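In: sequence? don't have it. structure:
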């Protein structure tokens with residue numbers, strides 16, 4: 001859609017026009033327009049909601065009670081956004097237990113603003129169950145099974161995304177209700193297309209559904225995960241598929257993909273073995289009428305994955321899945337913390353980060369960071385092993401810790417120390433083997449590979465649900481600690497994607513029940529494993545896709561369908577966001593490292609081409625160099641996203657508080673946000689996706705790409 005021309009700037013709001021002068025000697029005084037300080041937040045999903053929560057928490061101390069207009073722009077429901085919207089399959093789960101999900105700060109979060117506790121997901125569900133929190137009637141009408149799902153929820157449940165959507169919507173409503181007197185929130189259910197405006201003046205934000213821009217003093221982008229155009233190789237595969245009437249599904253959010261074209265009973269090549277694959281697996285099996293018998297969530301599994309059996313509907317394709325590693329992400333750990341936690345950070349803390357930030361150039365990941373990361377994760381592992389399972393060690397912890405601290409990561413001295421102190425190799429940590437478990441392994445046939453992969457997945461399930469291997473949980477806590485420290489550095493260069501990929505593979509894998517389902521599907525022949533270093537070729541003569549793997553030399557699989565089971569690349573040259581494209585083209589935003597938007601790590605201000613942070617534009621989320629592990633996080637783990645939201649909210653409020661302001665009327669309803677509903681002919685009239693105490697300029701939510709927080 002073309003961006004409309006930029007008109008001359010005018011005040012965002014004003015009193016009625018000055019009446020004409022009287023014909024007598026006395027002229028009425030001129031009426032000075034009242035310009036209310038204003039802020040535009042683009043993206044109303046979890047990150048946008050989290051930013052608003054921090055704004056509400058910090059406003060009493062940083063903003064003096066004057067009026068403030070907040071414009072919230074997103075075509076998708078506020079709170080949930082696109083990724084967590086409620087209109088998706090109830091079969092799709094979160095990959096976190098309910099007790100591990102919160103949108104609220106607690107005593108573990110290091111921030112300058114006030115801590116405002118609130119319920120984690122399972123606590124919210126209990127309050128709904130007990131009648132202390134009302135579930136909107138519209139939600140129950142839209143999803144009849146929602147209350148039953150909430151009623152059945154425990155802290156150890158992996159909730160459906162529909163349940164998470166309801167929680168996020170509630171958090172949004174509470175956040176709006178907590179905004180101070182004088183703050184008016186205007187909700188715009190549409191896309192933002194472009195930002196313009198001088199560094200020292202008001203900013204214009206052009207929306208898809210109106211000719212005139214919104215005017216604001218500050219703009220905060222909380223865009224979430226973004227869509228991207230396919231790269232050259234993906235376009236080639238798509239063109240090949242069109243020529244030969246094949247099926248090619250490019251990278252996408254699986255819940256948004258049209259899977260109906262994938263035929264029953266035919267082979268489908270799937271490239272990608274992460275969470276996008278898990279969604280695909282669910283939608284193409286249970287989503288097509290298949291069912292399981294036996295228990296997939298009993299918290300245990302024997303060496304063949306338990307007694308779960310899959311009963312096909314006959315409508316499933318046969319999925320041939322491979323990836324770079326050739327294995328699925330590690331199972332979520334199936335037990336909670338018990339006893340002493342590792343005292344983290346130990347080798348990678350604020351002191352080390354401060355020293356790296358003081359250097360003139362950016363740190364080199366391999367030289368400056370990897371040794372510290374490896375040493376921190378190893379320390380977490382061995383601290384837990386020695387404290388919880390001393391019978392499996394040969395020396396005392398004090399002696400081991402002293403020698404461990406003195407040894408370099410990967411050095412012969414460290415290897416000798418660990419070999420002497422920890423006799424069982426299964427009790428030692430080998431990060432390289434964890435990252436690439438099939439490296440160097442070769443199998444005589446695909447059938448042999450199936451047996452080996454099933455044994456690997458079953459063993460992973462056993463270990464990740466066995467507290468005697470609680471050192472694995474300590475490594476998870478080490479990863480969270482490391483992540484929180486690395487966020488301060490922002491851009492990690494070319495290693496950024498690899499580090500985040502390793503973190504997700506080890507710490508953000510699927511629930512154990514999903515891997516038990518995968519084993520059952522493998523035994524039923526619905527899923528076949530291709531192995532590591534998967535490649536895809538095209539054969540013009542036969543008109544097929546052909547997949548190979550380094551794990552089974554000389555063998556290949558042919559198919560007429562290929563699915564790229566991964567998220568799209570939204571780097572500058574491929575992003576589908578017109579807003580970001582325009583910023584890149586104008587030099588108002590630049591990228592660093594793995595194609596991420598560069599921001600000031602202290603407060604999230606957008607960095608421009610000349611290297612200066614823009615004083616009135618901010619960005620938060622996974623598309624920035626300050627991306628964190630998620631908009632919501634585990635309680636009592638220090639959530640880096642909360643700290644980032646707080647820093648940006650405080651910077652925004654401080655700047656808004658310094659703006660000149662002429663006193664005058666704020667709104668027709670006094671000092672509280674106004675209740676203005678959509679007009680009766682609005683397609684969303686009567687919607688309760690957001691709180692009613694806001695001004696709403698809702699429009700129809702489109703099906704195309706969104707600026708929303710995912």
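Out: All right, it came through fine. On a predicted model such as this, the values are computed, not experimentally measured, just so you know.

In: Tell me the secondary structure at the closest residue to residue 160 other than its chain neighbours.
Out: Counting by CB to CB, 6 or more residues apart in numbering, residue 90 is the residue found nearest to residue 160 once chain neighbours are left out, at 5.2 Å. (Glycine included, C-beta is placed from N, CA and C.) Of the three states, residue 90 takes coil under DSSP: H, G, I helix; E, B strand; the rest coil.

In: need the contact list for residue 90.
Out: Contacts for residue 90 (CB atoms under 8 Å, 6 or more residues apart in numbering) come out as 143, 145, 149, 160, 162.

In: Now the second one: closest residue in space, sequence neighbours ignored.
Out: When you say that, I think you mean residue 145. Leaving aside its sequence neighbours, residue 145 sits nearest to residue 90 (CB to CB, 6+ apart; 6.1 Å).

In: Tell me, how many residues neighbour residue 145?
Out: Using other CB atoms under 10 Å, residue 145 has 13 neighbouring residues.

In: what ranges do the helices span in the stretch 351-500 of the chain?
Out: Along the stretch 351-500 of the chain, counting by DSSP state H, counting those that start in this stretch, helices occupy 370-388, 397-406, 412-421, 431-435, 446-464, 471-486, 496-507.

In: I'd like these as CSV, with mean neighbour count and mean pLDDT appended.
Out: Formatted as CSV, these follow (neighbours: other CB atoms under 10 Å; pLDDT from 0 to 100):
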stretch, mean neighbour count, mean pLDDT
helix 370-388, 22, 97
helix 397-406, 14, 98
helix 412-421, 15, 97
helix 431-435, 14, 94
helix 446-464, 18, 97
helix 471-486, 23, 93
helix 496-507, 17, 86
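
In: Serialize those helices to a markdown table and add fields for distance to residue 342.
Out: A markdown table is the format used below for these (distance: least, CB to CB, whole Å):
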| stretch | distance to residue 342 |
| --- | --- |
| helix 370-388 | 4 |
| helix 397-406 | 11 |
| helix 412-421 | 16 |
| helix 431-435 | 16 |
| helix 446-464 | 18 |
| helix 471-486 | 5 |
| helix 496-507 | 15 |
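
In: Nearest to residue 233, out of those?
Out: Shortest distance between residue 233 and the helices of the stretch 351-500 of the chain, using CB to CB, is found for helix 496-507: 16.8 Å.

In: quick one: contacts of the closest one?
Out: Residues contacting helix 496-507 (CB under 8 Å, 6+ apart): 274-275, 325, 329-330, 365, 434-435, 475-476, 479-480, 483, 486, 492, 593-594, 596, 625, 627, 629.

In: got it, and stretch 447-457?
Out: 303-305, 326-328, 437, 441, 443, 515, 518-519, 522-523, 528-531, 549, 551-552.

In: ditto for stretch 610-618
Out: 195, 197, 199-200, 203, 217-221, 587-588, 599-600, 603-608, 648, 651-652, 655.

In: Show me which of those residues are buried.
Out: 195, 197, 203, 217-221, 588, 599-600, 603-608, 648, 651-652, 655 (16 or more other CB atoms under 10 Å).

In: any idea of the pLDDT on residue 169?
Out: At residue 169, the pLDDT value in this model is 96.

In: In this structure it contacts residue 79, no?
Out: Yes: at 4.2 Å, residue 169 counts as touching residue 79 under the criterion of CB atoms under 8 Å.

In: which one of those two has more residues nearby?
Out: Ranked by neighbour count (other CB under 10 Å), residue 169 and residue 79 place residue 79 first, with 31 against 25.

In: In which helix or strand does that one reside?
Out: Here residue 79 is covered by no helix or strand, with elements defined by DSSP states H and E.

In: try residue 537
Out: Per DSSP H and E, residue 537 falls inside strand 535-539.

In: Kindly calculate the angle that the very next helix or strand once past that strand makes with strand 535-539.
Out: Downstream of strand 535-539, the next assigned helix or strand under DSSP H and E is strand 544-548. Per axes from the mean of the first three to the mean of the last three CA atoms, to 10 degrees, the angle that strand 544-548 makes with strand 535-539 is 150 degrees.

In: what are the pairing partners of strand 544-548, and which direction each?
Out: Sheet pairing here is set by DSSP bridges, and for strand 544-548 it gives strand 535-539 (antiparallel), strand 557-559 (antiparallel).

In: For residue 411, which of the ones you listed is the nearest?
Out: Using CB to CB, these put strand 535-539 closest to residue 411, at 35.7 Å.

In: mind listing what's buried in the closest one?
Out: Buried residues in strand 535-539, counted by 16+ other CB under 10 Å: 536, 538.

In: Grab the nearest non-local neighbour of residue 407.
Out: Distances taken as CB to CB, 6+ apart put residue 414 closest to residue 407, at 3.9 Å, once the chain neighbours are dropped.

In: these two touch, right, the one you found and residue 404?
Out: Yes: here residue 414 lies in contact with residue 404, judged by CB under 8 Å, at a distance of 7.2 Å.

In: returning to what we had before: any idea how far the residue nearest to residue 160 lies from residue 371?
Out: 46 Å (CB to CB, to the nearest Å).

In: I'd like the average pLDDT over stretch 546-555.
Out: Computed over stretch 546-555, the average pLDDT equals 97.

In: Just give me how far that stretch sits from the chain centre.
Out: Going by CA atoms, centre = their mean, to the nearest Å, the spacing between the C-alpha centre of stretch 546-555 and its chain's C-alpha centre is 33 Å.

In: ok, now which ones touch the most centrally placed residue in the chain?
Out: When CA atoms, centre = their mean is applied to the chain, the residue found nearest the centroid is residue 630 (4.5 Å). Counting by CB under 8 Å, 6+ apart, residue 630 touches residue 641.
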